[in-house]
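In: Predicted coordinates and the sequence they were generated for:
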Amino acid sequence: MMNSSFSYIDENLRIIRENIAEACAKYGRSNVRIMAVTKTVAPEAVNHAIGMGIDLLGENRVQEYLSKAEQYDPAQVHFIGHLQTNKVKYIIKPMSMIQSVDSLRLAEEISRLAVGCGKVMDILCEVNIGGEESKSGTAPGAVEELLEQISELNGIRIRGLMTIPPPGNSDVFLGRMEELYNSLRDKYGMDVLSMGMTGDYVQAVKYGSTLVRIGTGLFGARNYGGTNRL
């Protein structure tokens, strides 16, 4: 039974879907997947979104995910936050994809643990398209070398690229990301370009995003305070 106290999620999701459909029609895109970003969101609200057809969740923090995972209704979960190598062991089994791979060292640990549990982990290489010191991610010029190294590892399947562009001038950085993705897509068999959040998901669709990550636009403004991470 749907909870009427979460009816705002229904309206937000309707608007998001309409905006994506309009953008796809305008720019000749298709098959854009919506991820619900669940940082600080109560499991009850997440489950309401799942009940409305959301089938993909994005988790930023290992500890928070572990505290809520058993309360979630069935859905795929991707890890999208900065991931330390010593935390991979906590999420290697439940995650269907790790989107934030930005170093060979991290990829090697994912490979080791995935092989150990008989799994092939889908991953995206995170690209710091704006060269911002405050953000993780591989420099655009180093992406192909990293992909080449990762492609030699067992237990990992490269699916594509992910980015968080700098605020402002979204079109410039999203356009650069599309060019980078297109230049590498066929060589590595990639099919996922994860970019676009609440403030720029329509522009991201314009530039070829296949997966948009939306939190505030779906669940409303939340409290991002606290630094306690596993």
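Out: Received, thanks.
In: From now on I want contacts and neighbour counts done on CA atoms only, so please keep to that.
Out: Noted.
In: what's the distance between Ala36 and Glu152?
Out: Separation of Ala36 from Glu152 (Cα to Cα, to the nearest Å): 32 Å.
In: So between the two, which is more surrounded?
Out: Using other Cα atoms under 10 Å, the more surrounded residue of Ala36 and Glu152 is Ala36, with 25 against 11.
In: what's the closest non-adjacent residue to the more buried one?
Out: Among residues not flanking Ala36 along the chain, Leu57 sits closest, at 4.8 Å (Cα to Cα, 6 or more residues apart in numbering).
In: quick one: what helix or strand has that neighbour in it?
Out: Secondary structure from DSSP states H and E places Leu57 in strand 56-59.
In: again with Leu147
Out: Assigned by DSSP H and E, Leu147 belongs to helix 143-150.
In: show me where the chain has strands.
Out: 33-37, 56-59, 76-79, 97-101, 121-127, 156-163, 192-194, 211-214 (DSSP state E).
In: now the fifth one, how far from the chain's geometric center?
Out: It refers to strand 121-127. Computed by Cα atoms, centre = their mean, to the nearest Å, the separation of strand 121-127 from the middle of its chain amounts to 9 Å.
In: follow-up on the earlier one: could the strands of the chain go into JSON lines alongside mean pLDDT and distance to Asp10?
Out: Putting the strands of the chain into JSON lines (pLDDT from 0 to 100; distance: least, Cα to Cα, whole Å) gives the following:
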{"stretch": "strand 33-37", "mean pLDDT": "98", "distance to Asp10": "13"}
{"stretch": "strand 56-59", "mean pLDDT": "98", "distance to Asp10": "16"}
{"stretch": "strand 76-79", "mean pLDDT": "98", "distance to Asp10": "20"}
{"stretch": "strand 97-101", "mean pLDDT": "98", "distance to Asp10": "26"}
{"stretch": "strand 121-127", "mean pLDDT": "98", "distance to Asp10": "30"}
{"stretch": "strand 156-163", "mean pLDDT": "98", "distance to Asp10": "27"}
{"stretch": "strand 192-194", "mean pLDDT": "98", "distance to Asp10": "23"}
{"stretch": "strand 211-214", "mean pLDDT": "98", "distance to Asp10": "14"}
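In: Show me where this protein has its helices.
Out: Here the chain has its helices, by DSSP state H, at 7-27, 43-51, 62-68, 88-91, 104-116, 143-150, 170-188, 201-206, 216-219.
In: for these, which one sits closest to Gly130?
Out: Closest to Gly130 of those is helix 170-188 (Cα to Cα; 6.7 Å).
In: Check which helices and strands the closest one sits against.
Out: strand 156-163, helix 201-206 (3 or more Cα pairs under 8 Å, 6 or more residues apart in numbering; DSSP states H and E).
In: And Asn154, its phi and psi?
Out: Phi and psi for Asn154, reported as degrees, to the nearest 10, are phi -80, psi 160.
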